[in-house]
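**Q** Here's my sequence, what's the structure:
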Amino acid sequence: MRYLKRVAAGVAIWSISATALPMTSAVAGEGSRPHTALVSTAADGTGGDSDSGRPQLSANGRYIAFESWSANLVPGDTNGINDVFVKDRRTGAVERIDVASDGTQAGVPPTAFSISGNGRYVAFDSLDGDLVPGDTPDSEDIFIRDRRTGRTEILIGPGPEGSYTYAPSLSADGRYVAFTSSRSDLVPGDTNGQTDVFVHDRWRKTTRRVSVATDGTEGGGRSTSEAISADGTRIAFTSARRFGTGTEEPATDQRRPRSRYFYVHDTRTGRTTPAVVDLDGEETPLNGDVGLSPDGRYALFSSPYAKLVPGDTNGARDHFARDLTTGVTQRLSVAHDGSEPNDDSGTGRPHLSAGNRYAVFTSTASNLVPGDTNGTADAFLRDLRTGDVQRVDVADDGTQSNGGTGFLGIDAFGRTVAFDSAADNLVPGDTNGRTDVFVRGLR
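**A** Numbering: from 1, shown residues only. All right, here's what the predicted structure looks like:
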């Protein structure tokens, strides 16, 4: 599958009070039979004629945003590029997001997108200068599509030519947008000459920089926005350099190419917290995607480093959640009995449901559930209260996938998991030979 040139930073994150892992969470509809469905289709059910991927779910699981190169999902798609779509799983309706308010299609593909928890807003970045009047040619900007009104607006005034503003993440209600920008005119005192991470309040029309140390010192390396909490107060970002210690140390590690440092900034307190700390208390760089739990309490990431939790002896990449309140890190990607995985977990970010009970992640390990013999990356859901692990990229009869699974999403209740897969045996009639987007209803 052809993936976007940048990781789609936004994740569907929803409001929830801070809660320790694990916790009991009431789940409506428990006991219903699990079901897998293909969702990257046109309104009439016709499968996409090209690749689709990077799914994101709204809080209730009704709306699913995804990217696709397919030209047959909506009428009039003739631009020949990948677009962002939202499907209403209740009605089957599909709409294209990266368009102007009058419906004019984009001529340049977006590189990242994010759907709000309520499903009303979708943010995306684009170099297209014709989506809103007065936009600057040859600058990348962030746009907000209001699905209720059909209006597309630019997040902040057009940037100067050659500037880049990208990687949006929306809070649950769409009020706050975290993003990355090369612009130095967004806040006073931006003199580091690097891309920084900002959060914009769409109601108050204010912007603040969050890729700073607790004392406000700006970073000395490139920073990238990764995720925002449901209430918009915590923003996860990565930096090419370690900062906040008085020294700027490049995040270089020959075992982990393109490694970066992972931080979470709290806008209420101004505190910036390292998110990856080993058993000796040392801040550790990583590579791979990172994220946040909906309440912003847990930093989520993958790492091959063996000194993050006791007993990590598998020599493989694992998924982790670090409690930013207690400073405790736990490994998510383990079997029901706590056994270590016998192979790498994916570099894609793990996700937590609201309430922090259910974790979803990908792994090529074959010992997380019985009967895993397909030899490819699968999607798993782990109940952090009971320890139960189940594979979710399977057909209704339990047949395992014959193609690899990549990106994931989960709804607020842990009832629905979205994933993209190259498999053609998960639902009847999947004959397009492409990577598609699926959902698995679990309860």
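
**Q** got a list of what Arg209 touches?
**A** Leu186, Val187, Asp190, Asp196, Val197, Phe198, Glu218 (CB atoms under 8 Å, 6 or more residues apart in numbering). The way it works is simple: take the backbone N, C-alpha and C, and place the C-beta from them, glycine included.

**Q** so the second one touches Val199, yeah?
**A** No - taking CB atoms under 8 Å as the contact criterion, Val187 and Val199 are not neighbours in contact, 10.7 Å apart.

**Q** Can you add distance to Asn356 and neighbour count and give the contacts of Arg209 back as CSV?
**A** Output for the contacts of Arg209, formatted as CSV (distance: CB to CB, whole Å; neighbours: other CB atoms under 10 Å):
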residue, distance to Asn356, neighbour count
Leu186, 33, 18
Val187, 33, 16
Asp190, 35, 16
Asp196, 29, 27
Val197, 24, 27
Phe198, 27, 24
Glu218, 32, 18
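
**Q** Select from the residues you listed every entry located in strands.
**A** Those of those mapping onto strands are Asp196, Val197, Phe198, per DSSP state E.

**Q** So the second one sits against Ile235, correct?
**A** Meaning Val197. Yes - with contacts defined as CB under 8 Å, Val197 counts as touching Ile235 at a distance of 6.5 Å.

**Q** Find residues that contact each of these two.
**A** What both Val197 and Ile235 touch, as defined by CB under 8 Å, 6+ apart, is the set Ala178, Val210, Ser225, His265.

**Q** From these, which land in strands?
**A** Ala178, Ser225, His265.

**Q** tally of neighbours for Pro370?
**A** By other CB atoms under 10 Å, 10 other residues sit near Pro370.

**Q** Dihedrals phi and psi, it?
**A** Backbone torsions of Pro370, given as degrees, to the nearest 10, read phi -70, psi 150.

**Q** Enumerate every residue touching it.
**A** So Pro370 contacts nothing (CB under 8 Å, 6+ apart).

**Q** lowest-confidence helix or strand of the protein?
**A** Within the chain, no helix or strand scores below strand 249-250, which has a mean of 58 by mean pLDDT, DSSP states H and E.

**Q** ok, what's across the strand from Ile228?
**A** Counting by DSSP bridges, Ile228 is bridged to Ile235.

**Q** neighbours of it, just the number please.
**A** Using other CB under 10 Å, Ile228 has 32 other residues around it.

**Q** what's Gly76 sitting at in phi/psi?
**A** The phi/psi pair for Gly76 (degrees, to the nearest 10) is phi 80, psi 20.

**Q** what about it, distance to Thr46?
**A** 15 Å (CB to CB, to the nearest Å).

**Q** How about Ala59?
**A** From Ala59 to Thr46 the distance is 28 Å (CB to CB).

**Q** out of those two, which sits in the more crowded spot?
**A** Between Ala59 and Thr46, counted using other CB under 10 Å, Ala59 has the larger neighbour count: 24 against 12.

**Q** hmm, back to that, from the shared contacts of Val197 and Ile235, which has minimum pLDDT?
**A** The lowest pLDDT within those belongs to Ser225, with 90.

**Q** Just the strands from the stretch 151-300 of the chain, written as ranges.
**A** 151-154, 165-170, 176-181, 196-201, 206-209, 223-228, 234-239, 241-242, 249-250, 261-266, 272-274, 290-292, 298-303 (DSSP state E, counting those that start in this stretch).

**Q** what's the least confident stretch among the ones you listed?
**A** Among those, strand 249-250 scores lowest, at a mean of 58.

**Q** still on that earlier bit, can you list the contacts of Arg209 in a markdown table and add distance to Thr269?
**A** Listed next are the contacts of Arg209 as a markdown table, based on distance: CB to CB, whole Å:
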| residue | distance to Thr269 |
| --- | --- |
| Leu186 | 22 |
| Val187 | 18 |
| Asp190 | 21 |
| Asp196 | 19 |
| Val197 | 17 |
| Phe198 | 18 |
| Glu218 | 18 |
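
**Q** Next, count neighbours for Gly371.
**A** 10.

**Q** Wait, it touches Val394, no?
**A** No - between Gly371 and Val394 there is no contact under CB under 8 Å: 10.0 Å.
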